[in-house]
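S.K.: Everything below, folded, please.
(one chain, ligands or ions: 1)
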Amino acid sequence: MLQDILPHVYHSDYAVRKPGDDDIMILQKDNQVLLVSAPALAPSSDGMKEEQGGEAPDAGCGFQLPTVSLIRKYCPGAAEHAFYLFSIDEQGYYSAPASSWEQDLKKDGCGILVFKSVMVLREMEKAVCSFSGAVGWQLANWYDLHRFCGRCGRETVHSEQERAIICPSCGHAYYPRISPVVIIAIVNSDRILLTRYNRSGYRRHALVAGFVEIGETLEDAVRREVMEEVGLRVKNIRYIESQPWPFSSSLIAGFSAEVDGDPTVHLNTDGGEELSEAVWMERSEVEIEDGSISLTWDMIRKFKNGTL
Ligand SMILES: [Zn+2]
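M.R.: Here you go, the predicted model:
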């Protein structure tokens, strides 16, 4: 899954430190992250490959996370105002406020440094790049969204003691927020309920899923989401595994649950109508459509292998 980066190790402890040339810089705006484009990494291109640390473009998506030395050349302001996010092994990951690099990037970065949707990171061949890029984007995005105090409107500052943002005027402290999500593998003897979402972008099968509401337990959320989306009652709710999912600032908890009573699906088509399809699939008919990084497909795979 996304977080499975062994033999690499993620170090999330907070620190205040300055970047070195070989560290990585995560610059983001909206749902995009700044990457080094493939042409800039090609061997023939003018020394750029060396500047980026001799790395080839990622075979999966053709992009790479920029090193601090490359950012220092095109966006010196970003390197100067860099703040620490986390480390993977010994390599530090940093970000910088947009005000320190936006003007620089307009001048020289075009064609070499490009903003791409954060979802591109899912296609990266190296798991460690997908994970670190996505977690870096999530943290950098959180800092960006808390530049001003939600209580009094004053500009905030970074705490030097812990991962927090402090309002110097009213003293309020903001900590990173993670939104819990439940994903449910609903089973009925030898069948699993596979769904498909209406929203564009992901056309493979999925499982029933949703955000936990304030005041709910995870199990409450499982029961509510299943009833809301497919009109089924469930029992024997069992925790399977979890996964950080930076793309929606979530922590996903995966559960299995058995149908309690009538297995006839009643798809919710009111208002938002999240699902376009929900079908019972025999274990032998389940096809692994997605070999990648999501908990959904890890649970579907476990069902198929009889290990859920
Ligand atoms: Zn305030």
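S.K.: Show me what from the stretch 51-200 of the chain comes close to the ion.
M.R.: Residues of the stretch 51-200 of the chain lying near the ion by C-beta under 5 Å from the ion: Cys149, Arg151, Cys152, Arg154, Cys167, Ser169, Cys170, His172. No exception for glycine: its C-beta is placed from N, CA and C like everyone else's.
S.K.: Among the residues you listed, which lie within strands?
M.R.: In strands, defined here by DSSP state E, there are no members of these.
S.K.: Weed out the non-buried ones from the residues you listed.
M.R.: Cys149, Cys167 (16 or more other C-beta atoms under 10 Å).
S.K.: would you turn the residues of the stretch 51-200 of the chain next to the ion into TSV with pLDDT?
M.R.: What follows is these, written out as TSV (pLDDT from 0 to 100):
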residue	pLDDT
Cys149	98
Arg151	97
Cys152	98
Arg154	98
Cys167	98
Ser169	98
Cys170	98
His172	98
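S.K.: Val182 touches Val222, doesn't it?
M.R.: Yes - assessed by C-beta atoms under 8 Å, Val182 is found in contact with Val222 at 5.2 Å.
S.K.: shared neighbours, these two?
M.R.: The contact sets of Val182 and Val222 overlap at Phe255 (C-beta atoms under 8 Å, 6 or more residues apart in numbering).
S.K.: Report the contact partners of the residue in the stretch 1-150 of the chain that the ion sits nearest to.
M.R.: Nearest to the ion, among the residues of the stretch 1-150 of the chain, is Cys149, at 3.1 Å (C-beta to the ion). Shown in contact with Cys149 (C-beta under 8 Å, 6+ apart): Glu155, Thr156, Cys167, Ser169, Cys170, His172.
S.K.: let's go with 6 Å and repeat that
M.R.: Contact criterion C-beta atoms under 6 Å, 6 or more residues apart in numbering gives Thr156, Cys167 as the residues in contact with Cys149.
S.K.: can you check Val286 too?
M.R.: Counted by C-beta under 6 Å, 6+ apart, Val286 has contacts Lys304.
S.K.: Check Val208 too.
M.R.: For Val208, the contact set (C-beta under 6 Å, 6+ apart) comprises Ile184, Thr195, Glu225, Val226, Glu229.
S.K.: Go through these and single out the one with the most neighbours.
M.R.: Highest neighbour count within these: Ile184, with 28 neighbours (other C-beta atoms under 10 Å).
S.K.: Pull the distance from the helix or strand hosting that residue to the chain's centre.
M.R.: Taking DSSP states H and E as the criterion, Ile184 maps to strand 179-188. A distance of 18 Å separates the centroid of the chain from that of strand 179-188, by C-alpha atoms, centre = their mean, to the nearest Å.
S.K.: And the longest strand along the chain, what's buried?
M.R.: If each strand of the chain is counted by residues according to DSSP E, the longest one is strand 234-245. By neighbour count on 16+ other C-beta under 10 Å, the buried set for strand 234-245 is Val234, Ile237, Ile240, Ser242, Gln243, Pro244, Trp245.
S.K.: now do stretch 114-126
M.R.: Residues of stretch 114-126 classed as buried by neighbour count (16+ other C-beta under 10 Å): Val114, Phe115, Lys116, Val118, Val120, Leu121, Arg122, Met124, Lys126.
S.K.: what's the farthest-apart pair in the residues you listed?
M.R.: Farthest apart among the buried residues of stretch 114-126 by C-beta to C-beta are Phe115 and Lys126. That separation is 20.6 Å.
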